[in-house]
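Engineer: Requesting a structural model of the entry that follows:
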Amino acid sequence: MNDAADTNTDTASKAPAWKRYLPLAVLAAAFIAFFAAGGGKYINLEALAENRTALADWTAVNPLKASAAYFLVYIVSTAASLPIGTMLTLAGGFVFGTFIGGSMTVISATIGATILFLAARNAFADFFRDKVGEALNKMRKGFEENAFSYILALRLAPVFPFFMVNVTPALAGASLKTFIVATALGIIPGTFVYASVGAGLGAVFAKGGTPNLHVIFEWEVILPLVLLALLSLAPILYKKFTGKRLDKAAKQ
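Structural biologist: Predicted coordinates for the structure are as follows:
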């Protein structure tokens, strides 16, 4: 698995500089364009409440177009690291329901994250292969050996920025397959929590109430995710513990 990652890294580092940096530049341009166009004003709870009837009606008439539009917007926003992931996930639950909306979000978020992962890895492959110090190389090796557990823990724990968890594995040498599987599995719990909250927004809007999104940050929600993140690190801790015991036994 790591050999394949190294092969892809070598290929990327041999490509012309402009080809390696172009995908990352396009994503950065999309990020800047979003704020320049005032995108945040159009993707919020107020906008969702005002347009909920029209959105529901259009989705009912054009389910395939609505699904395709949601996939496209979510993929692009994730790849460009736009700060609207939470709002889009809520909207997905509101429009498509908890299960369908959550499933669509997991798929599109994984695709978008993978695009950014590849862009970052191709752009900085040679630097992080040849120019980092010995200490960072040791850290990189440790990450490569336990990439799945690390990525899964980072995804499960609701404290790390999504952008950071997309880029860090790319720079640390994780393989593409490991990144995709760990990302898809790791975002499932949190995604369905948000989607279920989104699915309940219709009733709140109908009563003219204001949604209480603080429920997402309550310990009843966060603690299980943190515990799952710690559980995902169990293989690493077990490996270190048994390794130390074998070393002691060998010395004796």
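Engineer: can we go C-alpha only for contacts and neighbour counts from here?
Structural biologist: Fine.
Engineer: quick one: buried residues of the helix of greatest length in the chain?
Structural biologist: Ranked by number of residues, the top helix in the chain under DSSP state H is helix 98-130. Within helix 98-130, the residues that qualify as buried are 98, 100-126, 128-129, counting by 16 or more other C-alpha atoms under 10 Å.
Engineer: which intervals of this structure have sub-threshold pLDDT?
Structural biologist: Residues of the chain meeting the criterion pLDDT under 70: 1-16, 18, 125-140, 142, 208-222, 237-252.
Engineer: and S108, what is it in contact with?
Structural biologist: S108 is in contact with F71, L72, Y74, I75, counting by C-alpha atoms under 8 Å, 6 or more residues apart in numbering.
Engineer: Please render those as JSON lines that adds secondary structure to the earlier fields.
Structural biologist: Below are the contacts of S108 laid out as JSON lines (DSSP: H, G, I helix; E, B strand; the rest coil):
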{"residue": "F71", "secondary structure": "helix"}
{"residue": "L72", "secondary structure": "helix"}
{"residue": "Y74", "secondary structure": "helix"}
{"residue": "I75", "secondary structure": "helix"}
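Engineer: the inter-axis angle of the helix or strand where R20 lies versus helix 98-130?
Structural biologist: Secondary structure assigned from DSSP states H and E places R20 in helix 17-36. Per axes from the mean of the first three to the mean of the last three C-alpha atoms, to 10 degrees, the angle that helix 17-36 makes with helix 98-130 is 140 degrees.
Engineer: Tell me how far A68 lies from P189.
Structural biologist: Counting by C-alpha to C-alpha, to the nearest Å, the separation of A68 from P189 is 23 Å.
Engineer: quick one: which of the two has more around it?
Structural biologist: Taking neighbours as other C-alpha atoms under 10 Å, A68 and P189 compare with P189 leading, 17 against 12.
Engineer: Check the contact between the more buried one and L156; I expect there is one.
Structural biologist: Yes: P189 is within contact range of L156, at 7.4 Å (criterion: C-alpha atoms under 8 Å).
Engineer: Quickly list what's touching both of those two.
Structural biologist: Each of L225 lies in contact with both P189 and L156 under the rule C-alpha under 8 Å, 6+ apart.
Engineer: give me the number of residues near N62?
Structural biologist: The local packing of N62 (other C-alpha under 10 Å) involves 11 other residues.
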